[in-house]
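**Student:** kindly return the folded structure for what I paste below:
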Amino acid sequence: MTLFRKFVLTVLLLLALAAALISGAAWYWTEQPVAMDSDRIDYLVETGSRPRSIVRAMEKAGIHVNEDAFVLLSRFTDSDTLLKAGAYEAVRGDTPRSLLERMAAGDMMQTRLTLVEGWTYQGIRQALRNSPDVKQTLDGVSDQELMTRLGINSTSPEGWFYPDTYVFVPGTSDFDILRRAHHAQEQILQSAWEERESGLPLKTPYEALVLASIIEKETGHSADRERVSGVFVNRLRRNMLLQTDPTVIYGMGDAYQGRIRKKDLTTDTPWNTYTRAGLPPTPISSMGKAALLAALHPEKHNYLYFVSRGDGTSEFSKDLNAHNRAVSKFILGRRN
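**Tutor:** Predicted coordinates for the structure are as follows:
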C-alpha cells in the first residue's frame, strides 16, 4: 500500500469516526432533559409558526433548548412541516425529541369550561370573559353581529347556547366555544322537536326553547319537571296567564335585587307573564336537555297551579282554592 493510499484511508477513517462522534453527540443531545425554569411550563405555538420561532417562544417561557440544534432536529426528522399550533405543556424531564414529537402529534393541553343550566346569555358571556384560557375576540361585537355570524335567526341570543362542559385547548376563542354550544343546542332541539308529543300548544321549536327555559328556572327537583311542564301546557291550552315569577325577574333586568314586590308583578314588560298572555317573546335562560324534553313531553294531569315547598320540590293544585291553601302553608307560613 502506497503512502498516499494510507493517508487517504486514514483521513476517511477519521472522518467516519468524527461523523460517528457527531452523530452520537447529536443523539445524546436529543435524549437529554432540557433545562427548565420550573417543573411545568405552559407555552403557546402560534398558527403558522416555524421551528425557529417555536424554540424562541419556548425559550421566552423558560424552556431552554439550543435553537440551531432544535431547528436541525426538526428538519432531519421531517417534523418541521408537522408542528401544530396550540397550547402545550413541558414537564421537567422532557427531551428535545419528546417536545418535538408532542408538537408534531398535536398532543396539546386541554382545559374545560362549564356553562351551567339556568344561566342567562349574559352569564355565559361573563364566564367566557372570566376564563384565562379563552381568547377574547368578541369585545365590541354586538349581539346581532354575533348571531349573524352564527346563523341564529332570532331577535335574541338567549337560550341558543347549550349548557355543558366544553373541553378545549387553551387559547381557543370565545367565538369558537359559543359556536360549539350553539351547534349542540341546534342538534338537541331539532332531535327533540321531531320526537315531541302530538297536540302540544307549541307552534315552533323556538317556542319549545322558551317553555323549556321557564321549566329550567322553575324546577329545583328533577322529578317535577314533566309535572311543571304539564301545568304550563294546561294553562296555555286554557288561555290562562302563565304567571311565573322567573319571567318577571328576567324582564326586570338589573332592577331585580333578589326580591319580587307586588308592583313588579303588575309592571308590564314583554316577559311579565302576569300582565301578558302566552309565552314570553324569548327564552329567559339556557336550559338542559332534560328541561327541553319535559317541555315536549309534559305529564298529563289536571293541575293548574304549583308552589315551592321550600325544599326544592313543588306542591301542585287543581284549583285556585287548593293553591291558595298551599301558598298559605308553604309561603306565608315560612314568613311567620
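
**Student:** low-confidence stretches in this structure?
**Tutor:** Counting by pLDDT under 70, the chain contains low-confidence residues at 1-29, 333-336.

**Student:** and it, what are its domains?
**Tutor:** Segmentation of the chain into domains, based on automatic domain parsing, reads 31-105, 111-190, 196-335.

**Student:** dump these to CSV, plus mean neighbour count.
**Tutor:** All C-beta spots, glycine's among them, are computed from the backbone N, C-alpha and C. Converted to CSV, the domains of the chain look like this (neighbours: other Cβ atoms under 10 Å):
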stretch, mean neighbour count
domain 31-105, 16
domain 111-190, 16
domain 196-335, 17
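
**Student:** which parts of the protein are strands?
**Tutor:** Ranges of strands within the chain are 35-36, 40-45, 63-64, 86-91, 111-114, 165-168, 305-308, 314-317, based on DSSP state E.

**Student:** give me the sheet partners of the second one and which way each runs.
**Tutor:** When you say that, I think you mean strand 40-45. Strand 40-45 has the following sheet partners, assigned by DSSP bridges: strand 86-91 (antiparallel).

**Student:** where's the strand it pairs with relative to the chain centroid, distance-wise?
**Tutor:** Distance of strand 86-91 from its chain centroid, counting by Cα atoms, centre = their mean, to the nearest Å, is 21 Å.

**Student:** next one: stretch 39-53
**Tutor:** For stretch 39-53, the distance between its averaged C-alpha position and the chain's averaged C-alpha position is 25 Å (Cα atoms, centre = their mean).

**Student:** endpoints of that stretch, how far apart?
**Tutor:** Taking Cα to Cα, to the nearest Å, the span from the opening residue of stretch 39-53 to its closing residue is 23 Å.

**Student:** now do stretch 150-166
**Tutor:** 18 Å.

**Student:** can you list contacts of it?
**Tutor:** Residues outside stretch 150-166 that contact it (Cβ atoms under 8 Å, 6 or more residues apart in numbering) are 112-121, 124, 143, 146-147, 177-182, 184-185, 188, 206, 209-210, 212-213, 281-289.

**Student:** what residues are up against the closest residue to S308 other than its chain neighbours?
**Tutor:** Nearest residue to S308, sequence neighbours excluded (Cβ to Cβ, 6 or more residues apart in numbering): S314, at 5.8 Å. Under the criterion of Cβ under 8 Å, 6+ apart, the contact list for S314 reads T219, H221, D224, R227, V228, F306, V307, S308.

**Student:** from G151, how far off is S314?
**Tutor:** From S314 across to G151, the span is 37 Å (Cβ to Cβ, to the nearest Å).

**Student:** ok, the spatially most central residue of the chain to P280 distance?
**Tutor:** With distances taken as Cα atoms, centre = their mean, the residue of the chain nearest its centroid is Y166 (4.1 Å). The span separating Y166 from P280 equals 28 Å under the rule Cβ to Cβ.
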